[in-house]
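Colleague: Model the structure of this input:
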Amino acid sequence: MILVTGGTGFLGSTLVQQLIDQGHSIIATKRSSSIIPENLKASSLIQWVDADITDYYALEELVAQARQVYHCAALISYHKNDAAQMFHTNVEGTKHIVNLCLLHQKRLVHVSSIAALGASKKGLPVKESDKWEHTPRISKYALAKYESEMEVWRGIAEGLDAVIINPSVIMGVGPGEHGSRSIFEMVNKGNKIYPLGSVGIVDVQDVAKVMIQLMDTAISGQRFIVNSENISNRELLKRISKLMNKPEPTIKATPIMLSVAWRVSKALSMLNGKKPVLTRETARAATSKLAYDNSKIVNTLGVSFKPLDQILEEVCQAYYA
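Modeller: Numbering: from 1, shown residues only. A predicted model of the protein is given here:
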């Protein structure tokens with residue numbers, strides 16, 4: 001029996017699908033409000049369990065039953081009002097998973113994030129060995145993922161058999177919730193603006209495959225960046241626009257423009273009661289020039305990642321054709 005936390009999420013559901021395709025029996029946790037993907041509902045290999053990962057006792061029996069644990073569950077938000085809940089869910093939940101895996105001697109694959117690695121140093125792509133540097137510009141989400149990962153490192157120091165992955169922006173086609181679809185939605189709605197930053201992107205199927213491969217190795221006490229390609233936001237939007245037969249963005253979003261925009265978005269949210277579309281943290285992220293070095297995972301497992309153009313084409317064909 002294999003335990004997957006966050007089984008209805010974009011990555012979690014993709015991982016569950018790949019595991020049952022290999023014939024594994026799965027315990028998959030979900031929030032009570034989460035919707036099970038249609039193609040996973042009928043599988044007799046999956047036992048769905050409503051479980052709060054911040055509830056130690058709700059998790060204990062599940063971890064005890066499992067021979068392997070994949071920890072995918074996490075709260076992702078760049079909204080200030082979600083920060084306290086995000087830290088509680090991500091850090092406290094990971095602490096419980098780590099402690100229970102230690103108690104019951106279970107092997108763990110933990111999904112961290114490239115956000116937990118910090119920014120590029122001297123203009124070079126980020127590596128696993130780069131040191132974390134706390135600055136006021138770091139998002140609350142990045143800090144929560146960093147502190148969550150620190151719980152895993154603490155567990156490793158205490159004897160935990162675990163490996164960590166740090167995926168970049170996850171895109172692609174999967175059975176569950178859709179990852180990073182907001183970028184495609186912007187283009188579909190005729191967005192004319194492009195931010196100055198850059199990102200790393202990886203396909204959801206590749207991330208799940210890497211997790212399974214790492215679980216089945218003897219590798220422990222290490223982390224791996226999982227990234228296919230690095231690309232500027234402008235070029236990314238240009239390629240998506242071409243695939244969707246939309247005009248490519250031509251207006252450069254300067255830092256000053258974004259600074260005004262997130263303040264306007266915040267003011268509007270106070271009037272309509274909805275979460276702001278743009279926040280200070282997402283505005284900063286849009287202008288950050290980020291790049292990630294995937295050589296460690298490539299050299300360790302010999303993996304080849306799906307090319308970015310193929311990822312984008314598959315998403316456009318699946319949801320916008």
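Colleague: What's the first helix or strand after the helix or strand encompassing residue 202?
Modeller: Take DSSP states H and E as the rule and residue 202 turns out to sit in strand 198-203. The helix or strand immediately downstream of strand 198-203 is helix 204-215, counting by DSSP H and E.
Colleague: For the strand holding residue 202, which outside residues touch it?
Modeller: By C-beta atoms under 8 Å, 6 or more residues apart in numbering, the residues outside strand 198-203 that reach it are 114, 167-172, 226-233, 236, 288-292, 305-306, 308, 310-311. C-beta: built from backbone N, CA, C; applies to glycine.
Colleague: Out of those residues, which sit inside strands?
Modeller: 167, 169, 170, 171, 226, 229, 230, 231, 232 (DSSP state E).
Colleague: how about those residues, which pair is most distant?
Modeller: Greatest spacing in the ones in strands among the contacts of strand 198-203, by C-beta to C-beta: 226 and 232 (20.4 Å).
Colleague: Neighbour count: those two, which is higher?
Modeller: With neighbours defined as other C-beta atoms under 10 Å, residue 226 and residue 232 compare such that residue 226 has more, 28 against 16.
Colleague: In contact with the spatially closest residue to the more buried one that is not a sequence neighbour, which residues?
Modeller: Spatial nearest neighbour of residue 226, excluding adjacent residues (C-beta to C-beta, 6 or more residues apart in numbering): residue 167 at 4.4 Å. Applying C-beta under 8 Å, 6+ apart to residue 167 gives the contacts 11, 111, 113, 114, 202, 207, 225, 226, 227.
Colleague: Please repeat the previous calculation with a cut-off of 6 Å.
Modeller: The contact partners of residue 167, by C-beta atoms under 6 Å, 6 or more residues apart in numbering, come to 202, 207, 226.
Colleague: next one: residue 133
Modeller: With contacts taken as C-beta under 6 Å, 6+ apart, residue 133 has the following neighbours: residue 118.
Colleague: so it is in which element?
Modeller: Going by DSSP H and E, residue 133 is not in any helix or strand.
Colleague: Next: residue 108.
Modeller: Element membership of residue 108 [criterion: DSSP H and E] is strand 107-111.
Colleague: quick one on the thing from earlier: give me the distance between the residue nearest to residue 226 and residue 6.
Modeller: Residue 167 sits at a distance of 13 Å from residue 6 (criterion: C-beta to C-beta, to the nearest Å).
Colleague: And residue 224, by the same measure?
Modeller: Taking C-beta to C-beta, one finds residue 224 at 19 Å from residue 6.
Colleague: Which one's more surrounded, the two?
Modeller: Higher neighbour count among residue 224 and residue 6: residue 6, with 26 against 23, using other C-beta under 10 Å.
Colleague: right, and the more buried one touches residue 14 too?
Modeller: No - taking contacts as C-beta atoms under 6 Å, residue 6 lies outside contact range of residue 14: 11.1 Å.
Colleague: possible to save the ones in strands among the contacts of strand 198-203 as TSV with pLDDT?
Modeller: Shown next, in TSV, are the ones in strands among the contacts of strand 198-203 (pLDDT from 0 to 100):
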residue	pLDDT
167	96
169	91
170	94
171	93
226	98
229	95
230	95
231	93
232	91
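Colleague: Residue 136: which of those is nearest?
Modeller: residue 169 (23.1 Å).
Colleague: From residue 200, how far off is the closest one?
Modeller: Distance, residue 169 to residue 200, using C-beta to C-beta: 6 Å.
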